[in-house]
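# give the three-dimensional model of this entry:
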Amino acid sequence: MLRSLHAEWQKARHRHDLLVCLLLPTAVLLWSGYSAPDGAKSLEHGFHALFYTLPIMNAVLMPVGMAMLASRLWDVEVKGNTLKLLYTLQSRRHLFVAKAMLGTGEVLLIVVLELLGVLLLGRYNGYRDFPPAVQLLYLAACTGIVALMLFFSEMLLTILLANPLPALCTGIAGALVGLFSAFLPPIVSYFVPWGYFIPLGSYILASWDPDTRVVVYGIRAFNLPLLVWSGVLAVFFFAFTWHAIRQKEV
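Next comes the predicted model:
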């Protein structure tokens, strides 16, 4: 098992997966820096504004990023048609577990870097409304679980179709649909897994005065049922991907 994991790590180094893992948090940080509130009046609700927009950023960027990671993870095996050869050197279970562990680690690295980047940005801007630890843990859990759900769904698509391109196209389409669902009635967002980041967000826009441009943010209760459902979907796609690998002929 360790040998399989080491082999996948060597492949990831040659694929430069670390650049992809850095690209997503960097894009979020640049977007956050551009949209971050400034001025003395914004210091009291700066973090509220950042954590309100963060799920929207994830709904746009994460589906594409997860599709990139999942498709790249199987890129060499699919394009080179080397699965039959690999299965003579290691079991299907070891290959799948190694790839799943590596992919999960990459997803969690993205989540941690993204959260740290936003927190450092808020500290740099001098925001005073630093979020409680429970809010940070909830945000990290929501981002990580939904991202893993998307990752394993894209991995499943890559395995079933033996082509990384459909997974990338699905990720791009999912990002557009997920963002569009944010402008529809809230019930619609529950049927769009790519946009689950938005209904799971606990920071909301309470009111906005277009004349004075005064924005008031609020915090709502955690959406634990949707978080649990996202976890169930992540486990389902994980199990279904393993089933597809076991049954797939090479």
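# quick check: longest helix in this structure by residues?
Ordering each helix of the chain by length in residues (DSSP state H) puts helix 92-125 first.
# can you map out the helices along the chain?
Ranges of helices within the chain are 2-15, 17-35, 46-73, 75-80, 83-89, 92-125, 133-161, 164-181, 186-189, 197-200, 224-247, based on DSSP H.
# so which of those helices gets nearest Ala206?
helix 46-73 (9.5 Å; CB to CB). Where you see a C-beta, it was placed from the backbone N, CA and C, and this is true even at glycine.
# show me what that closest one is packed against.
Where contact means 3 or more CB pairs under 8 Å, 6 or more residues apart in numbering; DSSP states H and E, helix 46-73 is packed against helix 17-35, helix 92-125, helix 133-161, helix 164-181, helix 197-200, strand 203-209, strand 214-219.
# tabulate those (JSON lines), appending distance to Leu50.
Shown next, in JSON lines, are the helices and strands packed on helix 46-73 (distance: least, CB to CB, whole Å):
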{"stretch": "helix 17-35", "distance to Leu50": "6"}
{"stretch": "helix 92-125", "distance to Leu50": "6"}
{"stretch": "helix 133-161", "distance to Leu50": "11"}
{"stretch": "helix 164-181", "distance to Leu50": "18"}
{"stretch": "helix 197-200", "distance to Leu50": "14"}
{"stretch": "strand 203-209", "distance to Leu50": "9"}
{"stretch": "strand 214-219", "distance to Leu50": "10"}
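# how far away is Leu165 from Ile172?
Leu165 sits at a distance of 11 Å from Ile172 (criterion: CB to CB, to the nearest Å).
# what's the burial count for Val232?
12 (other CB atoms under 10 Å).
# got the contact list for it?
Contacts for Val232 (CB atoms under 8 Å, 6 or more residues apart in numbering) come out as none.
# do you know the pLDDT at it?
pLDDT, Val232: 96.
# most centrally placed residue in this protein?
Centroid check for the chain by CA atoms, centre = their mean gives Ala147 as the closest residue, at 3.1 Å.
# quick one: low-confidence parts of the chain?
1-9, 11-12, 39-42, 76-90, 209-214, 248-250 (pLDDT under 70).
# close enough to count as contact, the residue nearest to the centre of the chain and Met66?
Yes - between Ala147 and Met66 there is a contact at 5.9 Å, judged by CB atoms under 8 Å.
# overlap of the contact sets of the two?
In contact with both Ala147 and Met66: Val107, using CB under 8 Å, 6+ apart.
# related to what we said a few turns ago, what sits against the residue nearest to the centre of the chain?
So Ala147 contacts Asn58, Met62, Met66, Val107, Ile110, Val111 (CB under 8 Å, 6+ apart).
# same question, Val28
Per CB under 8 Å, 6+ apart, neighbours of Val28: Leu54, Met57, Asn58, Leu61, Glu114, Gly117, Val118.
# which among the residues you listed gets closest to Phe240?
Asn58 (23.6 Å).
# that closest one: what's it in contact with?
Contact partners of Asn58, counting by CB under 8 Å, 6+ apart, are Val28, Glu114, Thr143, Val146, Ala147, Phe197.
# going by distance to Gly218, which of the residues you listed wins?
Using CB to CB, Phe197 is the member of these that sits closest to Gly218, with 18.1 Å.
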